[in-house]
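Visitor: Give me a 3D structure for the following:
(4 chains)
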Protein chains: 2
Amino acid sequence: MSIHRDIRSPSQDCGACPIRHRAVCARCEADELEQLEQIKYYRSYEAGQTVIWSGDKMDFVASVVTGIATLTQTMEDGRRQMVGLLLPSDFVGRPGRSSAAYDVTATTDLVMCCFRRKPFEELMASTPHIAQRLLEMTLDELDAAREWMLLLGRKTAREKIASLLAIIARRDASLKEPRANLGSITFDLPLTREEMADYLGLTLETVSRQMSALKRDGIIRLDGKRHVTIPSFDALMDETGDDSDGGFLV
Amino acid sequence: MSIHRDIRSPSQDCGACPIRHRAVCARCEADELEQLEQIKYYRSYEAGQTVIWSGDKMDFVASVVTGIATLTQTMEDGRRQMVGLLLPSDFVGRPGRSSAAYDVTATTDLVMCCFRRKPFEELMASTPHIAQRLLEMTLDELDAAREWMLLLGRKTAREKIASLLAIIARRDASLKEPRANLGSITFDLPLTREEMADYLGLTLETVSRQMSALKRDGIIRLDGKRHVTIPSFDALMDETGDDSDGGFLV
DNA sequence: TCCTGGAGTTGATCTGCATCAAGGCGGTTC
DNA sequence: GAACCGCCTTGATGCAGATCAACTCCAGGA
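Guide: Residues are numbered from 1 along each chain as shown, chains lettered A, B, ... in the order given. Presented below is the predicted three-dimensional model:
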């Protein structure tokens, strides 16, 4: 469903830096690769570190190489809403804007591949493939954001939790084994209860209660706080409120 | 704040079709205009008509010329969430995908400027400016979607209503008078109470009650059901929960 | 003129989630 | 190993918004 799958599969890896792949490699234009190579640099962050604050000057665009970052918005009184989850190969920043629109935070140890903004914009102006790849990626993110709007506006707490678990499970499974059928899946939650709450528009207490309820009902198994097994992916999907044939969420 | 403002201003009009303007005119490449001209056609819809159903084959991309359309998602049990509001100059459809992802509905009489998808994709592949303009537009929509996520996840009913009114008021004011300062504004609501509810993740009763409450508190004045005056835009903004300096919403 | 039906309002009641509060469970530090 | 701290769980209670229901308003049609 997601165009992300191909790049996340190790078999199609074509370099350490996702944006190289996603922006260019599909067409394999040697020149563009070479030019991108010259303006890129890597940065790493520790789990919990803030990459950039909303409103700060942001003179680069970047893509996630390894780890997970989050985009969050905060209201004056402290209410927080996570508006994006950045996984390996996802893009952050936007050509043509010089300041960040959201707080970007590393939730796990994180490596990003950065490109200085000005040279990147120039490169984009001269090589159509880059803009086209970015457009595809952005349209995917827009679809994901809109599916998340349905979740935030209309789903119950239980459906929200089930949806989040399904997304993480599906992504995790396809990372490990792209063509695996989704019977039983085991993975580690990359988010705290509070982060889950911020993503789902809930409180951490409600997240905790619903996790316990799903466990009690045999939909999930919990080993410690973070290690989750989904005995039946189909049973989990039944709790999400979605119709069976997936969606656009990352 | 929005890059939409320039095109909506009549003074910068450069043709009846927004996508021509937004995709190309900023650079004024005569050839591209000419080519776009050859593959475009207009369609009109009456208020209430459905433009396309989610899942249907969609062999065109289009932009709104006049009127308002909505994008909605529906769950199996009938819960509905509006995920986008298409105003004049907004784009719908996506290159590279052949079926619609949402229901698209005309809420007012609507004229759209359509381009057959295949020729449009070919044109996009050969003319970098189009992809770049589309990328900008899509990034704007993504910002708007993310701001809406904050609204859906964390705002109270009153804040949601105030935010929606502020957005409509601001857009309406800038349409009529781009540089007007936002003191007192009068406009007609283009949405029914139910549509407002679907957009805000509320029920129509709650929308109605909060409208009455805002009226009682002197934040808005109502003349009939739809005709609204905002005596003080600042007072309205105080009810939105946003910090003062606007946002990315359309 | 009355009739009809869609849109909106308002009231009474219910409920899902938030809020407030009190612990429990590992892991780390000294 | 005791003390601490971040993360999580669970319970008791409150409330915003959903739900159910009755009613008004107004435009259009016969």
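Visitor: Would you confirm that A:Thr206 contacts A:Lys160?
Guide: No - checked against CB atoms under 8 Å, the pair A:Thr206 and A:Lys160 is beyond contact range at 9.0 Å. To be clear about C-beta, it is placed using only N, CA and C from the backbone, and glycine gets the same treatment.
Visitor: Just want to know which of these two has more residues nearby.
Guide: A:Lys160 (26 against 18; other CB atoms under 10 Å in any protein chain shown).
Visitor: ok, now which ones touch that one?
Guide: Contact analysis of A:Lys160 by CB atoms under 8 Å, 6 or more residues apart in numbering or on different chains lists A:151, A:200-202, A:210.
Visitor: 10 Å - rerun?
Guide: A:148, A:151-152, A:154, A:196-197, A:199-202, A:206-207, A:210, A:240-241, B:153 (CB atoms under 10 Å, 6 or more residues apart in numbering or on different chains).
Visitor: Out of those residues, which end up buried?
Guide: For the contacts of A:Lys160, a neighbour count by 16 or more other CB atoms under 10 Å in any protein chain shown gives the buried set as A:148, A:151-152, A:154, A:196-197, A:199-202, A:206-207, A:210, A:240-241, B:153.
Visitor: between the residues you listed, which is closest to DNA strand D?
Guide: A:Val207 (6.7 Å; CB to the nearest atom of the strand).
Visitor: Let's see which of the buried ones among the contacts of A:Lys160 end up in helices.
Guide: Mapping those onto helices (DSSP state H) picks out A:148, A:151-152, A:154, A:196-197, A:199-200, A:206-207, A:210, B:153.
Visitor: Return the member of those residues nearest to A:Gln132.
Guide: For these, the minimum distance to A:Gln132 (CB to CB) is 24.8 Å, reached by A:Trp148.
Visitor: re the thing from before, same list (the ones in helices among the buried ones among the contacts of A:Lys160) but as TSV, adding pLDDT and distance to B:Gly48.
Guide: What follows is those, written out as TSV (pLDDT from 0 to 100; distance: CB to CB, whole Å):
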residue	pLDDT	distance to B:Gly48
A:Trp148	97	28
A:Leu151	98	27
A:Leu152	98	27
A:Arg154	98	22
A:Met196	97	40
A:Ala197	98	39
A:Tyr199	97	36
A:Leu200	98	34
A:Thr206	98	38
A:Val207	98	40
A:Gln210	98	39
B:Gly153	98	30
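Visitor: Could you tell me which ones among those also sit near DNA strand D?
Guide: A:Val207 (CB under 7 Å from any atom of the strand).
Visitor: hang on, the earlier thing: please enumerate the shared neighbours of A:Thr206 and A:Lys160.
Guide: In contact with both A:Thr206 and A:Lys160: A:196-197, A:200, using CB under 10 Å, 6+ apart.
Visitor: near DNA strand C, which residues of chain A show up?
Guide: Counting by CB under 7 Å from any atom of the strand, the residues of chain A that sit close to DNA strand C are A:156-158, A:201-203, A:205-206, A:224.
Visitor: Run a quick neighbour tally on A:Lys57.
Guide: Count around A:Lys57 with other CB under 10 Å applied: 8.
Visitor: Who are the contact partners of the nearest residue to it once chain neighbours are set aside?
Guide: In space, and not counting its chain neighbours, A:Lys57 is closest to A:Ser99: 5.8 Å by CB to CB, 6 or more residues apart in numbering or on different chains. Residues near A:Ser99 by CB under 10 Å, 6+ apart: A:52-59.
Visitor: Compare those residues and tell me which has the most neighbours.
Guide: The most neighbours of any of the contacts of A:Ser99, using other CB under 10 Å, belong to A:Met58, which has 21 neighbours.
Visitor: Could you measure from the nearest residue to it once chain neighbours are set aside over to A:Phe60?
Guide: Leaving aside its chain neighbours, A:Met58 sits nearest to A:Ala100 (4.5 Å; criterion: CB to CB, 6+ apart). Using CB to CB, to the nearest Å, A:Ala100 is found at 10 Å from A:Phe60.
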